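>>> Here is my input, please return the structure:
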Amino acid sequence: MRKMKSFAVAALAALAVVGCSSNNKEVEQASVNELYNKGSSALQEGSFTDSIRYLNAVTTRFPGSTYQEQAMLDLIYANYKAQDYTATLMTIDSYLNQFPQSPNRDYAVYMAGLTNLATADNAIQDFFGIDRSTRENTSLKTAFSNFQSLVRAFPQSPYSQDALARMAYIKDMLARHELDIAKFYYKRDAYVATANRVVGMLQLYPDAKATYDALPLMRDSYEKMGLKTLAEQTQQVINANQNKQFGEVKKPEEPSLIERVLPWFGGKKEQQ
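So this is what the prediction gives:
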């Protein structure tokens, strides 16, 4: 029985090696047309790992082919869906360098924003209910910059409205992050640092609720430093905004737009 079990394990291992070898041979010998069609089909079926393998072969074995641009656009999407965000950003950077005049640049910039936002949007934090505003925010700032570039350069893009909504969400997160830092400084009697942080919030996030919530910290800091005029001026700002209403900024859902509108040869093609 033990020998039969060992034989079965060895046989399965041999089949795995043969399968792997067969797959490599397929990628190495297939034409660019065959590779792209298989990669595209796998992408539409949601087999992202297979799609990435074929599409990578298109771009590496046949650089400069007529499939190059579309294969890279498909790779951006496939890597994003596979949650390989490093590969996604690398492909986006390469694409923008290779096709600086492409009409599909808006899609690449939009995907860069989504990818950087997803990088900051850790699933473990979702599970444990950890507030992202308290975490490191470099990726959030980069995502905001991506979306801002999209809206400015491509105001008529089908991705612009979603980008604007995500910018509002990111600004709210960044403002709350700054509020947490201001509270940190104030608790440690660092009143100059507290006031300066709130001044920065007024400049960067004047319409955020977190900025309004930070104003008492600035007023109290000025009072602690004996700066009565500045404290009184801050109180006037607080009074002027005491009835201001702030709309709830919800976390954006996974965009359906990238499912419906994908770049295709000759422009953008609506999927049925």
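>>> can you give me the strands in the stretch 51-200 of the chain?
Remark: strands of the stretch 51-200 of the chain are absent; assignment by DSSP state E, counting those that start in this stretch.
>>> Point out where it drops to low pLDDT.
Scanning the stretch 51-200 of the chain for pLDDT under 70 picks out 122-136.
>>> got the residue ranges for the helices in it?
68-81, 85-98, 105-120, 123-128, 138-153, 160-187, 191-204 (DSSP state H, counting those that start in this stretch).
>>> so what does the fifth one touch, helix or strand wise?
Just to be clear, that refers to helix 138-153. When contacts are defined as 3 or more Cβ pairs under 8 Å, 6 or more residues apart in numbering; DSSP states H and E, helix 138-153 packs onto helix 105-120, helix 160-187. Yep, even glycine has a C-beta here, placed from its N, CA and C like the rest.
>>> how about 10 Å then?
Contact here means 3 or more Cβ pairs under 10 Å, 6 or more residues apart in numbering; DSSP states H and E; on that basis helix 138-153 packs against helix 85-98, helix 105-120, helix 160-187.
>>> So for Tyr77, which of those sits nearest?
Tyr77 lies closest to helix 105-120 among the helices and strands packed on helix 138-153, at 7.2 Å (Cβ to Cβ).
>>> now the closest one, how far from the chain's geometric center?
Offset of helix 105-120 from its chain centre (Cα atoms, centre = their mean, to the nearest Å): 5 Å.
>>> ok so, going back, distance to Leu227 and mean neighbour count for the helices of the stretch 51-200 of the chain - can I get that in JSON lines?
Compiled in JSON lines, these are given as follows (distance: least, Cβ to Cβ, whole Å; neighbours: other Cβ atoms under 10 Å):
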{"stretch": "helix 68-81", "distance to Leu227": "50", "mean neighbour count": "23"}
{"stretch": "helix 85-98", "distance to Leu227": "45", "mean neighbour count": "18"}
{"stretch": "helix 105-120", "distance to Leu227": "36", "mean neighbour count": "23"}
{"stretch": "helix 123-128", "distance to Leu227": "38", "mean neighbour count": "10"}
{"stretch": "helix 138-153", "distance to Leu227": "31", "mean neighbour count": "19"}
{"stretch": "helix 160-187", "distance to Leu227": "15", "mean neighbour count": "20"}
{"stretch": "helix 191-204", "distance to Leu227": "8", "mean neighbour count": "18"}
